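J.: below are the sequence and a predicted model; questions follow.
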Amino acid sequence: MNDKAQIRKVLVVLSPDLIRPDQPEASPLLQRAASLAKTTGCEVELFHVCYDDSLEDSLFQTESDLERERKRLTDRDATQLAEIAKRLGEQCANVSFEVRWDQPRTDAILRKIAHAEPDLVLKQGRDYGFVLGVSTNTDWELARRSPAPIWLVNDEVKDIDKIVAAVGTQRDDPTDITTSRDYALLRMAGQVAESFDAAIHPVNAWRINPAPGIMTGIDGMAAVPASEQQKLRDDAIRKHSGAVKALVKYFDIPRDNVHIREGRPEVVIPDVVDEVSADLVILGARSIGRLERVIGRVTVEPVMSRTDCDVLIVREGDASHVPATEKKPLYGKPRVDVERAITHPEATFKSPHEVVKLDGLSTEMRQRILQAWEYDIRAEMAEENEGGPVRDIDVSVLDELIAARSLLQMQNDNLKKAS
């Protein structure tokens with residue numbers, strides 16, 4: 001691949017159900033980000049919108065009480081995200097995070113994208129339905145409005161081995177089979193393919209445009225003589241084959257991987273995805289209004305609704321409108337510095353029991369902190385016994401640490417039984 005997109009920053013949008021630090025290594029969303037970071041060296045930022053509309057207005061609570069509860073929830077989520085960032089950072093370098101109380105969720109994400117200016121946004125995808133292009137699902141809105149490419153991750157897809165890249169579907173001029181947008185799309189496909197050691201399968205859908213002056217029937221060809229139909233078909237095949245093959249040659253994509261089919265893109269693309277068992281489909285998108293989505297040809301939304309793989313939408317380069325906000329967002333602050341808690345537990349906590357009560361960190365991480373604390377004490381004792389400097393070691397803390405670890409294990413066992 002001689003021409004690839006430069007991915008320097010990836011923004012990972014975490015859904016509310018992913019703000020749980022229990023085994024984040026199992027999350028396909030985070031693994032996609034880790035794979036990209038390992039191969040590109042890009043920065044990864046985790047982002048979460050914390051919000052509960054019941055805390056916006058209440059007859060039974062004062063504004064200060066509501067604000068206090070918002071802060072509590074936002075700090076709790078920030079603590080959880082700090083642990084996820086720590087775990088991810090052990091797989092790849094340069095991981096940061098942000099939690100904010102903001103709404104509506106879609107607008108908050110768009111504001112973050114505009115401010116962070118990532119090269120790629122990763123988000124957990126949801127189940128889709130497509131009815132006349134008027135869905136208000138967050139994923140639809142991000143596909144339509146985000147100024148950065150959006151990668152929607154399907155949790156059922158574990159590895160990215162085959163990529164279908166739709167080219168020639170974003171033509172303003174019907175005489176142009178491929179455009180600069182297709183080059184941008186394949187540049188992104190090239191970077192993703194390299195990160196996951198995947199194969200790219202370009203797909204192009206074409207339809208016959210009847211010659212001027214020829215009357216067409218309901219299906220667009222019924223009134224065209226058979227000889228003219230064949231001439232139009234041969235001409236379309238020649239033009240599309242030439243344009244697409246020139247495009248894939250530029251990107252060193254094997255000719256055997258190219259799929260040029262007659263039909264509508266929203267039908268052809270899902271068919272090819274199924275045929276090659278693709279794990280990711282990459283589509284181009286442009287900004288359109290809801291009316292145009294209803295009356296015009298829309299490819300992205302029906303393809304999203306008809307495929308079960310990951311979907312990456314590469315938008316055209318124009319800047320998207322950033323939604324305004326009436327209220328300044330509330331930013332979460334972790335209740336503990338996770339890195340320091342592991343490296344200097346005795347300086348971070350007053351007692352092991354404080355670690356047990358820590359709200360926000362997983363049982364595994366709290367056990368890890370207690371183990372580090374116990375290791376530090378035993379290491380100091382061993383050094384002193386071997387003739388090292390005399391230290392003021394509180395041996396009784398060991399008993400507290402053992403008791404705290406047992407309590408955590410018991411709590412974890414009870415949770416597993418309850419679930």
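T.: Okay, I see it.
J.: return the set of buried residues in stretch 39-54.
T.: 39-40, 42-51 (16 or more other Cβ atoms under 10 Å). For the C-beta atoms, the positions are set from N, CA and C on the backbone; glycine is no exception.
J.: in the helix or strand encompassing residue 246, what's buried?
T.: Counting by DSSP states H and E, the element that carries residue 246 is helix 226-250. In terms of neighbour count (16+ other Cβ under 10 Å), helix 226-250 has its buried residues at 232, 236, 240, 243-245, 247-248.
J.: what sits against the residue nearest to residue 196 when sequence neighbours are not counted?
T.: In space, and not counting its chain neighbours, residue 196 is closest to residue 160: 3.9 Å by Cβ to Cβ, 6 or more residues apart in numbering. By Cβ atoms under 8 Å, 6 or more residues apart in numbering, residue 160 lies in contact with 32, 35, 192, 196, 198, 279-280, 310.
J.: quick one: classify residue 160 as helix, strand or coil.
T.: Three-state assignment for residue 160 (DSSP: H, G, I helix; E, B strand; the rest coil): coil.
J.: what are the phi and psi values for it?
T.: For residue 160, the backbone dihedrals (degrees, to the nearest 10) come out as phi -110, psi 100.
J.: measure it to residue 99 for me?
T.: According to Cβ to Cβ, to the nearest Å, residue 160 and residue 99 sit 28 Å apart.
J.: most centrally placed residue in the chain?
T.: residue 122 (1.7 Å; Cα atoms, centre = their mean).
J.: you'd agree that one is in a helix?
T.: No: secondary structure of residue 122 (three-state DSSP): strand, not part of a helix.
J.: thinking again about what came up before, if I look at the residue nearest to residue 196, how far off is residue 43?
T.: 21 Å.
J.: could you do residue 54 as well?
T.: From residue 54 to residue 43 the distance is 35 Å (Cβ to Cβ).
J.: likewise residue 155?
T.: Taking Cβ to Cβ, one finds residue 155 at 24 Å from residue 43.
J.: same question, residue 327
T.: For residue 327, the distance to residue 43 - Cβ to Cβ - is 29 Å.
J.: do a quick rundown of the strands in the stretch 201-350 of the chain.
T.: 259-262, 280-285, 310-315, 330-331 (DSSP state E, counting those that start in this stretch).
J.: and the residue nearest to the centre of the chain, bridged to which residues?
T.: Residue 122 has these beta-bridge partners by DSSP bridges: residue 12, residue 151.
J.: right, and it touches residue 153 too?
T.: Yes: in terms of Cβ atoms under 8 Å, residue 122 counts as a neighbour of residue 153; the distance is 6.2 Å.
J.: okay, and the common contacts of these two?
T.: In contact with both residue 122 and residue 153: 29, 32, using Cβ under 8 Å, 6+ apart.
J.: tell me who's in contact with the residue lying closest to residue 149 once chain neighbours are set aside.
T.: Leaving aside its chain neighbours, residue 149 sits nearest to residue 314 (4.7 Å; criterion: Cβ to Cβ, 6+ apart). Contacts for residue 314 (Cβ under 8 Å, 6+ apart) come out as 149, 181, 184-185, 188, 282-285.
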